[in-house]
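Participant: Generate a structure from the sequence data that follows.
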Amino acid sequence: MEATTPTHNDFTLELIRQLRATDQFGNWAKMSDEELLVKKFVKTKEQLKEIPIIADIDEMLINDIKMIFKAIALSFERKSGVMCNVVMEMSHEGFGRCIVIAGRIVLVDKYFKDAHRFSFRTLEDLYKEGEKFLRQSFETFEQYKPCSKGE
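Facilitator: Alright, predicted model coming up:
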């Protein structure tokens, strides 16, 4: 596996794998990993101002948001060997939640109230947030591990 740098942590590497896997026609083949992540997940304040406060969310954005949590789940699985599921429920208005579950344990629970404006200001913010969720997943799993056994 590649060496982990501050920008290429386990979460980021998995997110890049997920993005590249969805590029079935090779549209992003010439883009660097960083360019692709910026295109999908980073918006400046000016770009956010162009998005209405109240608007419907499109399916592509829902899939992009879910991909972040899938990357967390798969990174967790690779390190722990414990299978995870990602469940996302989102209204057309951008209200909803995404959870990552390992057995009976909820590793991540993220609520959205305006998902149509979901983004990160910088690429570094994306890296940090993903790594934070992944770290918290392991902490939560260790804390509640005894609860995952039994019927």
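
Participant: in this structure, which spans are helices?
Facilitator: 10-22, 33-41, 45-49, 59-80, 123-144 (DSSP state H).

Participant: So which of the ones you listed is nearest V106?
Facilitator: Of all the helices of the chain, helix 123-144 sits nearest to V106, with 7.5 Å by CB to CB. To be clear about C-beta, it is placed using only N, CA and C from the backbone, and glycine gets the same treatment.

Participant: by how many degrees do the closest one and helix 33-41 diverge?
Facilitator: Helix 123-144 runs at 80 degrees relative to helix 33-41, counting by axes from the mean of the first three to the mean of the last three CA atoms, to 10 degrees.

Participant: thinking again about what came up before, mean pLDDT for the helices of the chain: which is lowest?
Facilitator: Among these, helix 45-49 carries the lowest mean pLDDT, a mean of 91.

Participant: got a list of contacts for that one?
Facilitator: Helix 45-49 is contacted by residues R117, S119, R121 when judged by CB atoms under 8 Å, 6 or more residues apart in numbering.

Participant: and the second one, what does it touch?
Facilitator: To tie it back to what came earlier, the one meant is S119. F41, V42, K43, Q47, L48.

Participant: Quick one: those residues as a markdown table, columns for distance to G81 and neighbour count too.
Facilitator: Output for the contacts of S119, formatted as a markdown table (distance: CB to CB, whole Å; neighbours: other CB atoms under 10 Å):
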| residue | distance to G81 | neighbour count |
| --- | --- | --- |
| F41 | 28 | 21 |
| V42 | 32 | 17 |
| K43 | 36 | 16 |
| Q47 | 40 | 11 |
| L48 | 39 | 11 |
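
Participant: on that earlier part again, export the contacts of helix 45-49 to CSV and append columns for distance to L36.
Facilitator: Compiled in CSV, those are given as follows (distance: CB to CB, whole Å):
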residue, distance to L36
R117, 21
S119, 14
R121, 17
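
Participant: right, so of the helices of the chain, which gets closest to E89?
Facilitator: Comparing these under CB to CB, the one sitting nearest is helix 59-80, at 10.2 Å.
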